[in-house]
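# Need the 3D shape of this:
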Amino acid sequence: MLSRTTLGIAAAGAGICFIGYCFYFDRKRRSDPDFKTKLKERRKRSRQQKSRNGSSTLPDLTNPEALQRFFLQEVQKGEEFLAMGDIEEGVEHLSNAVAVCGQPQQLLQVLQQTLPPQVFALLVQKLPSVGARLAAAGGGASESRPSDGVVVDETVD
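Numbers count the residues shown, from 1 in each chain. Sure, this is the predicted structure:
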């Protein structure tokens, strides 16, 4: 019985020491004159890295092989992310694929039949912003692409 009490007191003492060290370390860290600047720089780098990784780089819109490679890559990435359960990222990649597709109406019909209705609705909502980004990146070269003003029948059987 005595050893259990002693063990409990030792564990409580170690816990109190650990919490005290955490408070000491946090106060020391926050009192550092460069703490706020370092924190701002770290957050800025994180945001930049996230934005770079989040958006796919668009290919040369005048090169058909690059467009085809980009299209296949985006469809594959979209399917992979959807399979992993990351719907937002999957929709992002699929909308990129629809934006560069030569026949977006047929692709959208296939996607409407294969994707769940909620995911397809997100895809349709995302298309105008991706079309605008594609138009801005292409400098007007995407005007021949019909994906900018895609009209889709959202009725699901």
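
# burial count for residue 65?
The tally of other residues near residue 65 (other C-beta atoms under 10 Å) stands at 9. (Each C-beta comes from the backbone N, C-alpha and C, glycine too.)

# so where does it fall, helix or strand?
helix 64-84 (DSSP states H and E).

# Pull out the buried residues from that helix.
Buried positions in helix 64-84, judged by neighbour count with 16 or more other C-beta atoms under 10 Å: 67, 70, 71, 74, 75, 77, 78, 81, 82.

# Now pLDDT and distance to residue 103 too, for those, in TSV please.
Output for the buried residues of helix 64-84, formatted as TSV (pLDDT from 0 to 100; distance: C-beta to C-beta, whole Å):
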residue	pLDDT	distance to residue 103
67	86	13
70	89	16
71	90	11
74	90	15
75	91	13
77	90	20
78	90	17
81	88	23
82	89	22
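
# helices and strands of this protein: which one bottoms out on pLDDT?
helix 35-54 (a mean of 75; mean pLDDT, DSSP states H and E).

# among the buried residues of helix 64-84, which two are most distant?
Farthest apart among the buried residues of helix 64-84 by C-beta to C-beta are 67 and 82. That separation is 22.3 Å.

# quick one: the helix or strand hosting residue 27 to helix 35-54, angle?
In the assignment (DSSP H and E), residue 27 maps to helix 2-30. Here the directions of helix 2-30 and helix 35-54 differ by 90 degrees (axes from the mean of the first three to the mean of the last three C-alpha atoms, to 10 degrees).
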